[in-house]
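>>> Coordinates only, no sequence provided:
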């Protein structure tokens with residue numbers, strides 16, 4: 001039995017090698033093609049020297065263009081936080097950098113950090129003075145349009161209308177959270 005995967009074996013057929021090159025990284029399957037393209041464009045904006053790697057000099061340049069003076073520690077933290085990075089060396093000569101697959105993995109980790117069921121219920125409970133499990137849709141719309149990451153009217157309507165809102169305009173957040181369960185059961 002060979003110690004190499006079939007497609008790396010010296011006796012691998014051309015078909016096996018070709019098939020291996022075509023198989024996508026798992027992280028690519030998490031996003032739709034247009035999303036991957038948007039991430040690719042963002043990556044290319046950061047990769048100033050266009051070598052396919054975002055390294056310390058690329059990061060310094062992007063931060064400087066944003067009016068931010070990054071510290072050495074900040075740069076080390078960003079570059080050592082990359083996926084698959086087991087080397088915590090802080091030397092700028094160690095060839096550290098982030099390729100597009102690593103960048104996409106990092107973005108997916110950040111995007112899929114959802115709140116747990118308990119955290120979602122707790123957030124809604126702050127609007128539910130009577131601890132009834134429902135909140136008034138009009139009150140929620142007021143908060144969602146005026147505070148924090150403001151939502152558009154069509155976004156609020158899509159979120160607050162439907163099977164979780166009764167005819168009196170009460171949104172049943174406990175049932176909604178049970179259905180959403182973005183982080184699995186606790």
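Received, thanks. Keep in mind it's a predicted model, so treat the numbers as computed, not measured.

>>> in the protein, which spans are helices?
Remark: helices assigned in the chain by DSSP state H are 14-22, 33-46, 56-65, 72-80, 100-111, 117-125, 137-146, 153-160, 173-180.

>>> Relative to residue 166, which of the ones you listed is closest?
helix 137-146 (9.3 Å; Cβ to Cβ). All C-beta spots, glycine's among them, are computed from the backbone N, C-alpha and C.

>>> which strands and helices sit next to the closest one?
With contacts defined as 3 or more Cβ pairs under 8 Å, 6 or more residues apart in numbering; DSSP states H and E, the packing partners of helix 137-146 are helix 153-160, strand 170-172.

>>> Can you lay out those as CSV showing mean neighbour count, mean pLDDT and distance to residue 130?
Converted to CSV, those look like this (neighbours: other Cβ atoms under 10 Å; pLDDT from 0 to 100; distance: least, Cβ to Cβ, whole Å):
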stretch, mean neighbour count, mean pLDDT, distance to residue 130
helix 153-160, 14, 84, 19
strand 170-172, 19, 92, 11
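
>>> Dump these into TSV; add distance to residue 34 as well.
Shown next, in TSV, are the helices and strands packed on helix 137-146 (distance: least, Cβ to Cβ, whole Å):
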stretch	distance to residue 34
helix 153-160	19
strand 170-172	31
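
>>> Residue 144 is nearest to which of these?
helix 153-160 (5.4 Å).

>>> can you give me the angle the closest one makes with helix 173-180?
When axes from the mean of the first three to the mean of the last three Cα atoms, to 10 degrees is applied, the directions of helix 153-160 and helix 173-180 differ by 90 degrees.

>>> For helix 153-160, which outside residues touch it?
Helix 153-160 is contacted from outside by 137, 140, 141, 144, 145, 151, 171, using Cβ atoms under 8 Å, 6 or more residues apart in numbering.

>>> Just to check, the second one is in contact with residue 127?
Yes - counting by Cβ atoms under 8 Å, residue 140 touches residue 127, with 6.7 Å between them.

>>> if you count what's nearby, which of the two comes out ahead?
Between residue 140 and residue 127, residue 140 has the larger neighbour count (other Cβ atoms under 10 Å), namely 20 against 14.

>>> I'd like the distance between the more buried one and residue 47.
Residue 140 sits 42 Å away from residue 47, going by Cβ to Cβ, to the nearest Å.

>>> Residue 43: how many residues sit nearby?
21.

>>> Report the residue ranges of every domain in the protein.
27-111, 117-180 (automatic domain parsing).

>>> Least confident of those domains, on average?
With a mean of 80, domain 27-111 has the lowest mean pLDDT of the domains of the chain.

>>> What is the end-to-end distance of that domain?
End-to-end distance for domain 27-111: 12 Å, by Cα to Cα, to the nearest Å.
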